[in-house]
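In: need a structure here:
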Amino acid sequence: MSAATLELGAPLDNTMGSMLLGVIVSAVLYGISLLQCLFYFTRYDHDPLYLKTLVAVTVVLDSLHLAFVIHTVYHYLISNYYEHGVLQVMVWSVALEAVPTGVTGALVQTFYAYRVWRMSHHNVFLTGIILILILANSASGTAWVVLALEAGTYEKLLHISSLTISINALSTGVDVIIATTLCFTLHKTRPASLETETMVNRLILFTINTGLLTSLCAFASLISLIVSPKTLIYASFYFCIGRLYSNSLLASLNARGVIRGQINDIDTNFHTKSIHPRSPIPREVFARPDGSVNEMTVHIDRETEFYADEGYTKHRRPLSDNINPSTVLADAES
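Out: Okay, the predicted model is just below:
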């Protein structure tokens, strides 16, 4: 797909080098998604089954995609180091890696479409446009995989570059519509718990939870395809799109408690109170973010058990705050 794969002795910086950088960044994002997945299953274990299944499927697809791109880079840069004939031929994994990326993107975008439907008060027209674009993108991606496997070489793959651009354009369009809609809706209906947050924290929450990062990455991949169609610079961005989709989904699910103001711990408040060990615990420690207080009552049941030496007879007597020692001794002797 580039001069480096078609001309002997050309540098590999803008082709296999771009692939390698994309794999490295993708692996870092994969580690972040695993950490977020662990946090999700330990914090939100009461979520409905369909959400847990969605998270599990996206993580499995991430793992499959990372395996494909690692195989691709290892095939070109290690197993067949700078062999001109091999650089011209597309390895099977470089075509199949688009499958898990496309499925992950479709699943996450559909999830966000459902969120748009709910937050827009069941706007059928807007949600329908998003779903139509998602289906068109999925169909184009499936056609691209089939044609890429049939092409066999990067030179022949240039003949379907228009389809490649269309896929990235559709993905970018869906992400922009979703991100814009959710940002606008969240800005209008942002919870009161975020009023005390800094502007930076608000921007981070809005950016991650609306998938704006995926929009920027898809747009960068689209620009790379248009400006430099005979290189693999776009692969540096395309390899990361799937990871950004899964991270966006997980960040959106994990941030629900923070956004709603229902989690009152070090993760959300970022401060603690120091309390003297012998001093009573103030009521403010148990305060919720909205200022209300959880009342906590501790009831202790105390009782003593006496065992006589002869016959191992067991006597039980509840203890009160005022205990008569003579009574206790009499019971023990009997």
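
In: Okay, domains of this structure per the record?
Out: Listed by automatic domain parsing, the domain ranges of the chain are 3-265, 303-333.

In: quick one: average confidence on the shortest one?
Out: What that stands for is domain 303-333. Mean per-residue pLDDT for domain 303-333: 44.

In: How about stretch 131-145?
Out: Stretch 131-145 carries an average pLDDT of 93.

In: Report the buried residues of it.
Out: Using 16 or more other Cβ atoms under 10 Å as the test for burial, stretch 131-145 gives 131, 133-134, 137-138, 140-141, 144-145. The C-beta positions use only the backbone N, C-alpha and C, and glycine is treated the same way.

In: secondary structure element for Ile130?
Out: Per DSSP states H and E: Ile130 is located in helix 124-151.

In: Quick one: list the elements packing against that helix.
Out: Where contact means 3 or more Cβ pairs under 8 Å, 6 or more residues apart in numbering; DSSP states H and E, helix 124-151 is packed against helix 92-96, helix 98-119, helix 161-188.

In: What residues of the first one count as buried?
Out: Read it as helix 92-96. By neighbour count with 16+ other Cβ under 10 Å, helix 92-96 contains the buried residues 93-96.

In: can you check stretch 214-234 too?
Out: Buried residues in stretch 214-234, counted by 16+ other Cβ under 10 Å: 214-222, 224-225, 229-234.

In: can you check stretch 69-83 too?
Out: If you call a residue buried by 16+ other Cβ under 10 Å, then stretch 69-83 has these buried ones: 69, 71-73, 75-76.

In: any idea which of the residues you listed is least confident?
Out: Minimum pLDDT for those is recorded at Tyr76 (89).

In: Could you check how far that one is from His122?
Out: Using Cβ to Cβ, to the nearest Å, one gets 49 Å for the distance from Tyr76 to His122.

In: again with Leu244
Out: To His122, Leu244 is 28 Å away according to Cβ to Cβ.

In: of these two, who's got more company?
Out: Counted by other Cβ atoms under 10 Å, Leu244 and His122 do not tie: Leu244 has more neighbours, with 27 against 9.

In: Three-state assignment for that one, please.
Out: Counting by DSSP: H, G, I helix; E, B strand; the rest coil, the backbone at Leu244 sits in helix.

In: Chain neighbours aside, what residue packs nearest to Ile129?
Out: Distances taken as Cβ to Cβ, 6 or more residues apart in numbering put Ile177 closest to Ile129, at 7.2 Å, once the chain neighbours are dropped.

In: Tell me how many other residues surround the one you found.
Out: Neighbours of Ile177 using other Cβ under 10 Å come to 19.

In: now Thr185
Out: Other residues close to Thr185 by other Cβ under 10 Å number 17.

In: residues in contact with it?
Out: With contact taken as Cβ atoms under 8 Å, 6 or more residues apart in numbering, Thr185 is in contact with 116, 119-120.

In: if we go to 10 Å?
Out: By Cβ atoms under 10 Å, 6 or more residues apart in numbering, Thr185 lies in contact with 115-116, 118-121, 210.

In: so how far is Val116 from it?
Out: Distance, Thr185 to Val116, by Cβ to Cβ: 8 Å.

In: For this structure, spot the helix or strand the model is least confident about on average.
Out: helix 266-269 (a mean of 34; mean pLDDT, DSSP states H and E).

In: and the helix or strand encompassing Ala251 with helix 98-119, angle?
Out: Assessed by DSSP H and E, Ala251 sits inside helix 233-254. Counting by axes from the mean of the first three to the mean of the last three Cα atoms, to 10 degrees, helix 233-254 points 40 degrees away from the direction of helix 98-119.

In: Extract the CA atoms of helix 233-254 and return them as CSV.
Out: What follows is helix 233-254 as a C-alpha-only set of coordinates in CSV (Å, rounded to 0.1, in the frame of the first residue of the first chain):
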residue,chain,number,x,y,z
ILE,A,233,0.3,6.2,8.6
TYR,A,234,-3.4,5.7,9.1
ALA,A,235,-2.7,2.4,10.7
SER,A,236,-1.2,4.1,13.8
PHE,A,237,-4.7,5.6,14.5
TYR,A,238,-6.8,2.7,13.2
PHE,A,239,-5.1,0.2,15.4
CYS,A,240,-6.2,2.3,18.4
ILE,A,241,-9.8,2.9,17.5
GLY,A,242,-11.0,-0.4,18.9
ARG,A,243,-9.2,0.2,22.2
LEU,A,244,-10.7,3.7,22.5
TYR,A,245,-14.2,2.3,21.9
SER,A,246,-13.8,-0.2,24.7
ASN,A,247,-12.2,2.3,27.0
SER,A,248,-14.9,4.8,26.3
LEU,A,249,-17.6,2.2,27.1
LEU,A,250,-15.9,1.1,30.4
ALA,A,251,-15.2,4.7,31.5
SER,A,252,-18.8,5.6,30.9
LEU,A,253,-20.0,2.7,33.0
ASN,A,254,-17.4,3.1,35.7
